[in-house]
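> predicted model, plus sequence, below.
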Amino acid sequence: MSNNITAGTIARTIVLLLALANQVLAMSGKQVLNIADDDIYQIVSIIFTVSASAVAWWKNNSFSQAAIKADEYKENIKERNN
């Protein structure tokens, strides 16, 4: 059994944090991306934030050792049933 957080969990968490930081900067009037048209910038920022939030919410992100072990246990049960 592995006791490490997966790379996918870390990547999804980083993308979510970047999306949220980007949204906060956009709401405070700072421009993170160099886009001339503010409307396009707002749309891209909202799509990025919603997408990253949806993926982070949908995917099971196990951070604690107990959650990681529970995921492994679940996968073992699935493998036995197939």
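Looks like it arrived, so ask away.

> what about the helices in the chain?
7-27, 38-58, 65-81 (DSSP state H).

> so can I have TSV of these showing mean neighbour count and mean pLDDT?
C-beta: built from backbone N, CA, C; applies to glycine. Conversion of the helices of the chain to TSV gives the following (neighbours: other C-beta atoms under 10 Å; pLDDT from 0 to 100):
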stretch	mean neighbour count	mean pLDDT
helix 7-27	15	79
helix 38-58	14	76
helix 65-81	11	91
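
> and for Phe63, nearest residue in space, chain neighbours not counted?
Distances taken as C-beta to C-beta, 6 or more residues apart in numbering place Ile5 nearest to Phe63, at 6.2 Å, with adjacent residues excluded.

> centre-most residue in the chain?
For the chain, the residue sitting closest to the mean C-alpha position, by C-alpha atoms, centre = their mean, is Arg12 at 3.1 Å.

> skip the chain neighbours and tell me the closest residue to that one.
In space, Arg12 comes closest to Ala56 once its chain neighbours are excluded; the distance is 5.2 Å by C-beta to C-beta, 6+ apart.

> figure out how far stretch 61-68 is from the centre of its chain.
Between the centre of stretch 61-68 and the centre of its chain there are 15 Å (C-alpha atoms, centre = their mean, to the nearest Å).

> what's it in contact with?
Residues from elsewhere that reach stretch 61-68 (C-beta atoms under 8 Å, 6 or more residues apart in numbering): 2-6, 9, 12-13, 70-71.

> endpoints of that stretch, how far apart?
With C-alpha to C-alpha, to the nearest Å as the measure, the ends of stretch 61-68 fall 9 Å from one another.

> swap in stretch 50-67?
Using C-alpha to C-alpha, one end of stretch 50-67 lies 25 Å from the other.

> for stretch 27-43, same thing?
From its first residue to its last, stretch 27-43 covers 12 Å (C-alpha to C-alpha).

> quick check: pLDDT value at Ala36.
According to the prediction, Ala36 has pLDDT 52.

> returning to that earlier point: mind listing what the residue nearest to Phe63 touches?
Going by C-beta under 8 Å, 6+ apart, Ile5 touches 62-63, 68.
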